[in-house]
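> using only what follows, build the 3D model:
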Amino acid sequence: MRPGGASSGRRMTLASTSDNPAPEGAIEEYVRAADGVRLRAARWTPAGAKRGTVAILGGRGEFIEKFFEMAHDLLARGLAVAALDWRGQGGSDRLLPNARKGHVGDFSQFGRDLEAFVAEVLEPHCPRPWFGLGHSMGGAILLLIDEAGRCPFERLVLTSPMIAVKGVDHRGPARLLAGTLVALGFGGAFAPGNNAETFWARPFAGNVFTTDAARYARIAGLLETAPHLFLGGPTAGWAHAAFRAMRRFDDPNFSRRAATPKLIIASGADRVTDCAAAERFAARLRGGRMIVVEGAEHEILFERDALRDQFWAAFDAFVPGAAARETPVATAPE
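Modelled structure (predicted):
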């Protein structure tokens, strides 16, 4: 199989459960990035008229099965859905012998993943216009691709984008420590303070993802059905790559070069990514807006219905079913 070509195997491996069912009509496929890494993707087509396609691009450690509810919601809106597991996580190739380690050498490698996804999944199968929906690390990746002038989407919706990590100064000692570990050959070791445990194995109380116990239990329950999909902590190499990306977001000219219209939806109670850093970044955007959903934790789409509804109100105002045009977005109520 040539690099970038689709896999001939179509054996379904999506982990669909009674409380987290896959939308009907799922088509799962594998593609290869230009450097040979095999990536898992899935897509769905809505019944009736098709208003375009939303590409779901998750954060660190996320996988397609986490987004089944979101896919249901998008299909009900007449939007086709395509989702990708980034390299090193979910059902895509892991990059280290210890599959629990979340690792990448540089965020530019994720650009190869998106190129393969566009060429082998979006181009041949998905109706235009295309919209990118990136969460956390996925949002950071989309911003980097947009700034480089290679964004394939009409519009971007970014939830809790990883502009900065809450409580971590990516310009200070943490960055120096990660860089030192990489230089000494320990880039594949867990970053200090991390191990193979997934956060989803912990009790709901005190979690940093959501205030919705049922949605938390739904994802945590996948640990029994599909433990191979989960990651533990990041490596020093991943942390070093992430800090380099965050430093780029500090450049006041970065957001001016990232010209694709975008909507940033931040969570007011986020303890994973830094909401204030995202607000400073958004203030410099060309053709971009930001709303803050007060009371929401990091995973806005796994939050209580009252908080999710604010996301969907903003999304519906921003993502039209035709070529992108400027659409006012109301500030979500507190």
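> hey, where'd the helices end up in the chain?
For the chain, applying DSSP state H gives helices covering 68-76, 108-117, 123-125, 137-147, 173-183, 213-220, 222-225, 236-250, 254-257, 275-282, 305-318.
> determine which of those helices approaches residue 189 most closely.
Among the helices of the chain, the nearest to residue 189 by C-beta to C-beta is helix 236-250 (5.5 Å). All C-beta spots, glycine's among them, are computed from the backbone N, C-alpha and C.
> contacting residues around that closest one?
By C-beta atoms under 8 Å, 6 or more residues apart in numbering, the residues outside helix 236-250 that reach it are 60, 102-107, 137, 140, 143-144, 147, 162-165, 170-171, 174-175, 177-179, 181-182, 186-192, 234, 254-255, 277, 281.
> residue 27: neighbour count?
Number of residues near residue 27 (other C-beta atoms under 10 Å) recorded here: 15.
> which pLDDT value goes with it?
pLDDT for residue 27: 96.
> list the contacts of it.
Contact analysis of residue 27 by C-beta under 8 Å, 6+ apart lists 10, 42-44, 125.
> cutoff 7 Å now
By C-beta atoms under 7 Å, 6 or more residues apart in numbering, the contact list for residue 27 reads 42-43.
> do you know how far it is from residue 38?
Counting by C-beta to C-beta, to the nearest Å, the gap from residue 27 to residue 38 is 17 Å.
> what about the closest residue to residue 59 other than its chain neighbours, how many residues close to it?
Closest residue in space to residue 59, ignoring its immediate chain neighbours: residue 136 at 3.1 Å, by C-beta to C-beta, 6 or more residues apart in numbering. By other C-beta under 10 Å, 24 other residues sit near residue 136.
> does residue 136 touch residue 163 like I think?
No: with contacts counted by C-beta atoms under 7 Å, residue 136 stays clear of residue 163, the gap being 10.1 Å.
> list residues touching both of those two?
Both residue 136 and residue 163 are contacted by residue 273, under the criterion C-beta under 7 Å, 6+ apart.
> tell me what residue 55 is bridged to.
Beta bridges link residue 55 to residue 82, residue 132 when assigned by DSSP bridges.
> mind listing what it touches?
82, 122, 130, 132-133, 153.
> distance of it from residue 311?
Distance, residue 55 to residue 311, using C-beta to C-beta: 17 Å.
> picking that back up, with respect to burial, which of the helices of the chain scores highest?
When you average the neighbours per residue for each of those (mean count of other C-beta atoms under 10 Å), helix 137-147 leads with a mean of 25.
> tell me how far that helix lies from the chain's centre.
Its chain's C-alpha centre and that of helix 137-147 lie 9 Å apart, by C-alpha atoms, centre = their mean, to the nearest Å.
> so what secondary structure elements neighbour it?
On a contact count with 3 or more C-beta pairs under 7 Å, 6 or more residues apart in numbering; DSSP states H and E, helix 137-147 meets strand 53-57, helix 108-117, strand 130-135, strand 155-159, helix 236-250.
> where does the prediction get shaky in the stretch 201-334 of the chain?
Under the criterion pLDDT under 70, the flagged ranges of the stretch 201-334 of the chain are 321-334.
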